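> here is my input, please return the structure:
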Amino acid sequence: MTTLKVHDIESAPEGSKALLESSNKAYGMIPGLHGVLAASPKLLEAYQTLHQLFTETSFNEDELTVVWQTINVEHACHYCVPAHTGIAKMMKVDDAITEALRNETPLADAKLEALRTFTLSIVRNRGNVSKEDLDAFYAAGYGEAQVLEIILGLSQKVISNYTNHIANTPVDAAFQKFAWSKK
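Have a look, this model is predicted:
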């Protein structure tokens, strides 16, 4: 098992200090993931930027959660699944959505299930989706912009999920009650 250092503002490289201060201001703490990413100021900046951009897409809170958690669960991220469970609660996402995503069961809402299924197809097939996958996604009411926005969310999640696997990032105290492991 590997571990990487979880930086605080004092131990972080100079280029990450302001970014960690921004995290602390936004979340009332420095998430462990941000502390790990701080070893590379440019990666921390990229992650924060991608996060901001993804939250500004056409997706609502439920849809953002579906994309994030579908990827987190598929990647078996021990850190991000609990963190996004807590974030979903803060965003007032229905617990039934979160539980279905965590348990890899179909979502009750057909449109959200189409989003989950298409996101899984992108991840599992590394972007090589079929015409049938696209057609089903479009038939659910999504368009080309949402195809590309999933890729944006995936870009953010690759940074966090892969970093957490390598770093073995400890789950933040605020999210420990949402602990999760892949079945």
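
> and the gap between the residue nearest the centre of the chain and A12?
Taking CA atoms, centre = their mean, the centroid of the chain lies closest to W68, which sits 3.8 Å from it. Between W68 and A12 the computed distance is 25 Å (CB to CB, to the nearest Å). In short, each C-beta sits where N, CA and C put it, glycine included.

> hang on, the earlier thing: isn't the residue nearest to the centre of the chain right up against G86?
No. Shown here, W68 and G86 do not form a contact pair, counting by CB atoms under 8 Å, at 11.9 Å.

> give me the buried positions along the longest helix along the chain.
Longest helix in the chain, counting residues (DSSP state H): helix 144-167. If you call a residue buried by 16 or more other CB atoms under 10 Å, then helix 144-167 has these buried ones: 146-147, 149-150, 152-154, 156-157, 159-161, 163-164, 167.

> residue contacts, L154?
V67, I71, T119, I122, V123 (CB atoms under 8 Å, 6 or more residues apart in numbering).

> nearest to L107, of these?
Closest approach to L107 among those (CB to CB): T119, at 11.4 Å.

> the closest one and L64 touch, don't they?
No. Checked against CB under 8 Å, the pair T119 and L64 is beyond contact range at 11.3 Å.
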